[in-house]
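Visitor: A structural model of the following input is requested.
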Amino acid sequence: MSIHDADRGFVAKLDPCVIKDQDGHVVWNNDAYDFLINSPCPETANPKLWRQAQLVSKQGLFKVTSGIYQVRGFDLSNMTIIEGDSGIIVVDPLTSAECAQAALNLYYENRAKKPVMGMIYTHSHADHFGGAKGVFEANTACIVPILAPYGFLEHAVSENIYAGNAMARRAAYMYGDRLPKGPSGQISCGLGATVSAGTVTLIPPSVDITHTGQVEVIDGVEFVFQVTPGTEAPAEMNFYLPQRRALCVAENATQCLHNIATLRGAAVRDAHAWSSYLDETIVLFAETSDVVFASHHWPTWGQKTLLNYLTQQRDLYAFLHDQTLRLMNDGLTGIEIAEELELPVRLRDCWHTQGFYGSVSHNVKAIYQRYMTWFDGNPAHLWEHPPVEAAKRYVSCMGGVEAVVQKAKEFSDEGDLRFAASLLNHAVFADPENTKAKSLLASTYESLGYGCENGPWRNFYISGATELRGVRPEGNVLSDQTGLVEALSLHHLLASVAVRLNGIRAQTEDFIIDLYVTDRDEHCRLLISNGVLIHRTGKGSSKSSTLDSANFSCTLTYNQLVQSLSARQALGPFGEEKGDRSYWNRLLDLLTTPKATFEIVVP
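Guide: Numbering: from 1, shown residues only. Okay, the predicted model is just below:
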């Protein structure tokens, strides 16, 4: 396997590769990475990460094999286009509608302009569905199949709506999309350059892939699916194209070590299942495949080469899982195992197993967490003080902030940046206004970041340094969730509202609201009870005679409901109303708006 495969099949590129939204704001600028082209690695970057950054910054339309093309370098992920009898099938339409549209336009400039006959989401992460409306409008999409693994919508909502604000805030650190691009700033995140900043949309799938071996034919192209739940995403699938002898492994095998726990936050993944499904992939499809491609990076060609690649990817996750559990059962904790465990030489020497995105260190801790929770069994860690209170006590024991800063500088001068960062973090949390502590911690984080092989680690360190120096982002990639919310079911919408309820303020409230959403022909009942918002949806949810009568009821459209909940105010009169409308206002008053740029490196 050669890293030179990153150039193979090149057809054309976008020049300049700068994509803007309808208001003229830049949502993707791949030209910002031109500093990487043919440049030697500077002292401010790890040589391996620098080389990976050069590879993932390559952009344009690439031919995978006959009838299969990919647009790479227009977002964190790839968009794959499969040619059918009369049109095309789009796989994973990137994160942003603007980038997906630009990718499709580049394809049309170099191939026949044929209609989109179907779309496939390989899994439930936003960089694989967010650009859906850039491929076609929702009303067009209704007449062609959109395929996704069973459970896709539930998990897409869980990550991007329920926990969306927290994850998006952390994602800004992980991907470094708000950092300056350059040798001293953001150079890559290993899996791709970074994530785009355009309009995130969603068109619900119309066809569920429920089992391995399921066959679907779209525009004359036969797809054989393999479901792989609990691997890189809770809902994920691979597919095989027998007519093209081509295998898509979604994000289950990439050109680097992936994450068992992603640093932006998500449910811990199952490394054992991940390895097992890759073994099943090998058994089902490897012998009849000539190329394997994925939703990130470049393909791998040749039956023998791709078999070796998939085998090493399988063994990578199996080794991390099995050896973590072996050492865990010997009594080591996650952090201890992470310091001790190394990959076997034959895996460690492969380019596609390097820790550019996931790392052995944080993946081992994730596997430990999956089995043993956050608690390592030591009672001293059972009820520790939160960061600020702990920091004040540590700093007091060490003689005050100035003494801690001086001691941290000594450790830093000796090359122990890790412990220097720990000391300075205590100093900053004990005294957030201490500019000397913040400045030294920023420099320490910066130095740690420059040495990182792992892209997200580098971006976290440099993002932390940037914010310690007073530079704060204005929002995050999911600050505007309009494109996602409008695609939700009533159930998912109301479940997302429930996590915005201020339960402490609501604990003394007790009332019922009945709604009839006219354009969806659906009733719902909202109950405020013991500080929680309970919802019941369905055509009969508010009709049963055994239910208590509502304090307020009304008819309204789905859009009116979304706008009222988003704005936290009643927007004009709804349709037919009964009861006391003040209860609706009381509900809105109990809702909170998440802080899009909450603090991370300071209290």
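Visitor: low-confidence ranges, the stretch 51-200 of the chain, go.
Guide: Applying pLDDT under 70 to the stretch 51-200 of the chain flags residues 137-142.
Visitor: for the nearest residue to residue 251 once chain neighbours are set aside, give me its contacts.
Guide: Spatially, and ignoring its direct neighbours in sequence, residue 251 is nearest to residue 232 (4.4 Å; C-beta to C-beta, 6 or more residues apart in numbering). Bear in mind the C-beta positions are built from the backbone N, C-alpha and C, glycine included. By C-beta atoms under 8 Å, 6 or more residues apart in numbering, the residues touching residue 232 are 123, 250, 251, 252, 258, 259, 269, 274.
Visitor: surely residue 232 forms part of a helix?
Guide: No: when DSSP: H, G, I helix; E, B strand; the rest coil is applied, residue 232 is found to be coil, with no helix at that position.
Visitor: mind checking the end-to-end distance for stretch 204-220?
Guide: In stretch 204-220, first residue to last residue: 23 Å (C-alpha to C-alpha, to the nearest Å).
Visitor: which of the contacts of residue 232 sit farthest apart?
Guide: Spatially, the most separated pair among the contacts of residue 232 is 250 and 259, at 14.4 Å (C-beta to C-beta).
Visitor: related to what we said a few turns ago, can you put the contacts of residue 232 in JSON lines and add secondary structure, distance to residue 590 and neighbour count?
Guide: Converted to JSON lines, the contacts of residue 232 look like this (DSSP: H, G, I helix; E, B strand; the rest coil; distance: C-beta to C-beta, whole Å; neighbours: other C-beta atoms under 10 Å):
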{"residue": "123", "secondary structure": "strand", "distance to residue 590": "35", "neighbour count": "27"}
{"residue": "250", "secondary structure": "coil", "distance to residue 590": "40", "neighbour count": "28"}
{"residue": "251", "secondary structure": "coil", "distance to residue 590": "39", "neighbour count": "25"}
{"residue": "252", "secondary structure": "coil", "distance to residue 590": "42", "neighbour count": "28"}
{"residue": "258", "secondary structure": "coil", "distance to residue 590": "40", "neighbour count": "25"}
{"residue": "259", "secondary structure": "coil", "distance to residue 590": "36", "neighbour count": "22"}
{"residue": "269", "secondary structure": "coil", "distance to residue 590": "35", "neighbour count": "25"}
{"residue": "274", "secondary structure": "helix", "distance to residue 590": "41", "neighbour count": "25"}
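Visitor: for stretch 441-459, which positions count as buried?
Guide: For stretch 441-459, the buried set under the neighbour-count rule, 16 or more other C-beta atoms under 10 Å, comprises 441-450, 452-459.
Visitor: sitting in helices, which of those do you find?
Guide: When DSSP state H is applied, these are split such that 441-450, 455-459 fall in helices.
Visitor: what's the closest of those residues to residue 43?
Guide: Among those, residue 450 lies closest to residue 43 (C-beta to C-beta), at 7.2 Å.
Visitor: let me see the contact set for the closest one.
Guide: With the criterion set at C-beta under 8 Å, 6+ apart, residue 450 makes contact with 43, 44, 45, 46, 184, 458.
Visitor: for the third one, the count of nearby residues, please.
Guide: A count of nearby residues for residue 45, using other C-beta atoms under 10 Å, gives 23.
Visitor: ok, residue 128 to residue 78 distance?
Guide: Using C-beta to C-beta, to the nearest Å, residue 128 is found at 9 Å from residue 78.
Visitor: which one's more surrounded, those two?
Guide: Counted by other C-beta under 10 Å, residue 128 and residue 78 do not tie: residue 128 has more neighbours, with 31 against 26.
Visitor: many thanks, we can stop here.
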